[in-house]
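Visitor: sharing a model prediction with you, sequence too.
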Number of protein chains: 2
Amino acid sequence: MRASRFFISTLKEAPSDAEIVSHKLMMRAGMIKRLGSGIYTYMPMGLRVIRKVEAIVREEMNRSGAVELLMPVVQPAELWQETGRWDKMGAELMRVKDRHGRDFAIQPTSEEVVTDVARTELRSYKQLPVNFYHIQTKFRDERRPRFGLMRGREFTMKDAYSFDRDLDGLKKSYQIMYDAYVRIFTRFGLQFRAVAADNGAIGGSGSHEFHVIAATGEDALVYCPTSDYAANMEAAEAIAVDTSRAAAKEALQKTATPGKAKCEAVAELLQLPLQRTVKSIVLAVDNEEDASKKQIWLLLLRGDHELNEVKAGKIAGLGGYRFANEAEIVESFGTPPGYLGPIGTKKPVKVVADRTVANMSDFVCGANEADFHYTGVNWGRDLPEPEVADIRNVVEGDASPDGKGVLAIQRGIEVGHVFQLGTAYSEAMKATYLDENGKPQALMMGCYGIGVTRILGAAIEQNFDDKGIIWPASLAPFAVVLCPMGYDRSEAVKAEIDKLYAELQNAGVDVILDDRGERPGAMFADWELIGVPHRIVIGDRGLKDGQIEYQGRRDTAATAVPLQEALSFIQSKLKD
Amino acid sequence: MRASRFFISTLKEAPSDAEIVSHKLMMRAGMIKRLGSGIYTYMPMGLRVIRKVEAIVREEMNRSGAVELLMPVVQPAELWQETGRWDKMGAELMRVKDRHGRDFAIQPTSEEVVTDVARTELRSYKQLPVNFYHIQTKFRDERRPRFGLMRGREFTMKDAYSFDRDLDGLKKSYQIMYDAYVRIFTRFGLQFRAVAADNGAIGGSGSHEFHVIAATGEDALVYCPTSDYAANMEAAEAIAVDTSRAAAKEALQKTATPGKAKCEAVAELLQLPLQRTVKSIVLAVDNEEDASKKQIWLLLLRGDHELNEVKAGKIAGLGGYRFANEAEIVESFGTPPGYLGPIGTKKPVKVVADRTVANMSDFVCGANEADFHYTGVNWGRDLPEPEVADIRNVVEGDASPDGKGVLAIQRGIEVGHVFQLGTAYSEAMKATYLDENGKPQALMMGCYGIGVTRILGAAIEQNFDDKGIIWPASLAPFAVVLCPMGYDRSEAVKAEIDKLYAELQNAGVDVILDDRGERPGAMFADWELIGVPHRIVIGDRGLKDGQIEYQGRRDTAATAVPLQEALSFIQSKLKD
């Protein structure tokens, strides 16, 4: 490609609404252009990167045996009503009426449509397994679109859907996809981590997220550096800090803690470690049929721990909980929030202690009286043994659930998700196949997504410096840029760089020749901003000595390379 | 590709709602699957063809210097309001509101968005010309979606938009696109014709349609077999049948023609050729400010000719015309339709004669009195010389407007359109560049579309037989199919066909090996239906003689080919 025939449009400053580095750099490098909130035109430079992402995804999906099709963007509401998602998805689902007043959804994913394809196309066990995928425009009407391509409304996703006879088949299809994802993210050249994720429907290890590691990531990834254990924060199991409960040493005592409504303040006042305090979180579960049968729950966590809301929702009876309001708290505890505890509540409440709390002794908690806490609280003696559950987020240094070390935490950006769906969709939509006995059986489904356009943002969050983007070789819009010093002035420069350009093109190298006639400073700044991995400079001064200059995007200085070796030198760099 | 890892789903019968052959065959061949009215899932077999179309379009667009980007499907209404198309487009434009109640259009084309890109990105004459294109999902809420991919609602289009300094630049960009389209349709391997089309805004030869020739085409294409002249019916110029008017020979006479309201009936009654009769068409042009100033027009055509409504609308004063209703006709002519004519109207009407009518003498027309016609009518003598214009459709045998022969007509399917837009969009959206003097000038635009998914339908309408589709080599989902007789039974067959499969793959041939284990009859019927151009059969019987069988999709019988020459034989066939 010649730059004069391409479209390059860089900016010195990012627009003020660009909040994170990848958004700023993509705007500055002319990769995307904002059309509306969360809606972007992919400019020529950005589209090249998207196409490279898509090509890798497509190759590895095909290699895995998945079959590509293309499902429509505009999908009839009837299918979404069959699964109930028409109502469940709320405002995030973009809805549209046609000229006849019929309802349609603009696809955020395609479970319904692919299940509709499956229920008419997959008739016999002989046709299974099948994995259909497509790479298609999606729309989710996010409440607060932000971060450029990271949380846009219109985006490109690869979504795949596997159909199997049974759970064994699904587990095989799932593993094939998992392996394909590992190959895909490896080929991207990005540091990534697959973590177990919560999978309500099937349980077990039926869901993994693929994250690009980045300090700016929205998600906390939990892993054990000395084992294979890895999970996202929602799914990471928290083990009790102490393996058993010490014997009680202190007497129960009500202590004045005026104005100390937080565990930190109480610990400071009482000169105790925060780890001796217990905090109270009050939840409510409404009874839809009889509002008076509302159930109030008290969840107890160590003062320095945090509630894991997903884990709480999995406790029997706590499905669909909400946080209690102040009136409900006063009604059940006789006091407003700040001094709550499990001893002497005004009305009976269900108490759940986190595993760590269950092993504490001589602890501190609210006394259900303003400005007072209990100290020396002990289970069994001062209050009944609680229901025990894992309801907290893990923290660095926690024991790994596999017993093989301690946990570490790093930040990640979710770019892929593999999920064992089970038969939820196939049962709702009556998608069955006939088994060997001619008996209809629900198709066992898995679904597998990769956020194609989000990959761009994630790759940049992981790979940038103060000059701009640093694309991994496989994703760069161009692998090599040729920068002539005086393309229009020096015949020697023009001749040599045109020759090298032709050689690189013939060798199949994705090369761009910057024949725009920009000044060297502006030209170099553009390509550093755009993030092309390899740069060659050819000028009269070097040519006098038969030399050209090479600089890798991460190099701090240029290297002189003999002109004659230019092609082989670049090829060796591309192989690295 | 191995068929067992692909997804093949053929039908014996087409669904009853499939009206035309391409729709029926695409459904039967498992290329598309209906999701809703005018909305289709592109199944794996169909998607392969779409990808081949896209690849050819993309290569030739890039070769022409156009730059690919990708504009969003969901586009803010504000841009569409700037050009007025939000109101003008009516129900065909699919409109959607987001969660905040803001209006968006689902793109039917992208003039507004690309002009918005241009007005911020193109600042200087130095950046021109630029041609941006994308290949993207479109939606048009057709009143009556039909014919499968030929007139769907959701479809894929390549749309390109050129930006130039002035009309000279536009004409160059336009010619570059025209040439690229010729290359594209040539590479598709389809018989096509580029015809001049009506271009209201700029006039001249500022618009061409590209049609795939097919007997079932919706459009009539006019061309001169002995010259380059070609236009669509709307744009084809009709020359007067007689070059000059003969002298009057007959006297004007009112003749009773009871019950003969049509020219054909009058001609029969009077025993005259139909070519001696003139028919009257009454149009009305409303005056928006003053309804009483409505203007009634009388258009005169030879009895065997047909009105060209587009041409009529271009006559000064006839813009926005409508057909007059019966009350208006009675008011102006004193009689209901059937016996109308230019002589002795009740109120003054504007008369326009077609070029052919203007050169007629001694003709027959209605007498403005029920059951009576005039014969022997002559211009100048019996009524004033009329305003003359080309207002009819051409017919086969008309003189070509270039004077180089006579016109022929064939049917076509419009699959591409190149159009000199001018400054309509750039002026409405204030998209300007700065010229050498720093003065803002409106960007001069062209637009260029190819209906990617429609190409499939058009290719089939042109190429099919009673067995199924006959894809041109460049568009076929697979170039070659290998059919083993007993893949699972015969080790020799399996060994030889696996070897040939590997050789073809290594040679870069797009080959599918049918390892499904279907019976020969069903297997052959599938591939004839799907339309793969080249078929190789390997069986034990042939192998005994060291032979395999080749049959091209259009061949009536198979050819024996020595096993050793299989690869080179196929390669020579692919080169043809």
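Guide: Happy to help now that I have it.
Visitor: all contacts plus neighbour counts: C-alpha atoms, from now on.
Guide: Will do.
Visitor: for chain B, what's its nearest residue on the stretch 301-450 of chain A.
Guide: Going by C-alpha to the nearest C-alpha, chain B is nearest to A:Met429 of the stretch 301-450 of chain A, at 14.7 Å.
Visitor: residues in contact with A:Thr115?
Guide: A:Tyr425, A:Ser426, A:Met429, A:Ala431 (C-alpha atoms under 8 Å, 6 or more residues apart in numbering or on different chains).
Visitor: run the last query once more with 7 Å
Guide: A:Ser426, A:Ala431 (C-alpha atoms under 7 Å, 6 or more residues apart in numbering or on different chains).
Visitor: quick check: it vs chain B, distance?
Guide: Look at A:Thr115 and chain B: by C-alpha to the nearest C-alpha, to the nearest Å, they are 12 Å apart.
Visitor: cool, and A:Ala18?
Guide: To chain B, A:Ala18 is 18 Å away according to C-alpha to the nearest C-alpha.
Visitor: name the nearest residue to the residue of the stretch 301-450 of chain A closest to chain B, sequence neighbours excluded.
Guide: A:Glu82 (6.1 Å; C-alpha to C-alpha, 6 or more residues apart in numbering or on different chains).
Visitor: burial count for that neighbour?
Guide: 14 (other C-alpha atoms under 10 Å in any protein chain shown).
Visitor: per-residue pLDDT, it?
Guide: A:Glu82 is assigned 96 on the pLDDT scale.
Visitor: CA atoms of the helix or strand harbouring A:Met26 as CSV?
Guide: In the assignment (DSSP states H and E), A:Met26 maps to helix A:21-28. Taking C-alpha atoms only, helix A:21-28 is exported to CSV below (Å, rounded to 0.1, in the frame of the first residue of the first chain):
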residue,chain,number,x,y,z
VAL,A,21,-5.8,5.4,26.7
SER,A,22,-7.0,3.0,24.0
HIS,A,23,-9.9,5.3,23.2
LYS,A,24,-7.6,8.3,23.0
LEU,A,25,-5.0,6.6,20.9
MET,A,26,-7.5,5.1,18.5
MET,A,27,-9.1,8.5,18.0
ARG,A,28,-5.7,10.2,17.6
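Visitor: could I get the buried residue list for the next helix or strand after that helix?
Guide: Next helix or strand after helix A:21-28 toward the C-terminus (DSSP H and E): strand A:32-36. Using 16 or more other C-alpha atoms under 10 Å in any protein chain shown as the test for burial, strand A:32-36 gives A:Ile32, A:Lys33, A:Leu35.
Visitor: dump these into JSON lines; add distance to chain B and pLDDT as well.
Guide: As requested, the buried residues of strand A:32-36 are exported to JSON lines (distance: C-alpha to the nearest C-alpha, whole Å; pLDDT from 0 to 100):
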{"residue": "A:Ile32", "distance to chain B": "10", "pLDDT": "97"}
{"residue": "A:Lys33", "distance to chain B": "8", "pLDDT": "96"}
{"residue": "A:Leu35", "distance to chain B": "8", "pLDDT": "96"}
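Visitor: partners of the helix or strand encompassing A:Gly376 in the sheet?
Guide: Secondary structure assigned from DSSP H and E places A:Gly376 in strand A:372-377. According to DSSP bridges, strand A:372-377 forms sheet pairs with strand A:253-256 (antiparallel), strand A:363-366 (antiparallel).
Visitor: and the very next helix or strand once past that strand, what's buried?
Guide: Once the chain leaves strand A:372-377, the next helix or strand it forms, by DSSP H and E, is strand A:387-389. Using 16+ other C-alpha under 10 Å as the test for burial, strand A:387-389 gives A:Val388, A:Ala389.
Visitor: in its sheet, what does strand A:387-389 sit against?
Guide: strand A:350-354 (parallel).
Visitor: next secondary structure element downstream of the partner strand?
Guide: Downstream of strand A:350-354 (by DSSP H and E), the next one is helix A:355-358.
Visitor: and A:Glu234, how many residues sit next to it?
Guide: A:Glu234 has 21 nearby residues by other C-alpha under 10 Å.
Visitor: please save the CA atoms from stretch A:483-503 in CSV.
Guide: What follows is stretch A:483-503, C-alpha atoms only, in CSV (Å, rounded to 0.1, in the frame of the first residue of the first chain):
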residue,chain,number,x,y,z
CYS,A,483,9.9,6.0,5.3
PRO,A,484,11.8,7.8,2.6
MET,A,485,13.7,10.9,3.4
GLY,A,486,12.9,13.1,0.4
TYR,A,487,10.9,10.7,-1.8
ASP,A,488,10.2,13.6,-4.2
ARG,A,489,13.7,15.1,-4.0
SER,A,490,16.1,12.3,-4.2
GLU,A,491,16.2,9.9,-7.1
ALA,A,492,18.4,7.5,-5.2
VAL,A,493,16.1,7.4,-2.3
LYS,A,494,13.1,6.9,-4.5
ALA,A,495,14.7,4.2,-6.5
GLU,A,496,15.9,2.2,-3.5
ILE,A,497,12.8,2.5,-1.5
ASP,A,498,10.5,1.6,-4.5
LYS,A,499,12.7,-1.4,-5.0
LEU,A,500,12.5,-2.5,-1.4
TYR,A,501,8.7,-1.9,-1.4
ALA,A,502,8.3,-4.1,-4.5
GLU,A,503,10.5,-6.8,-2.9
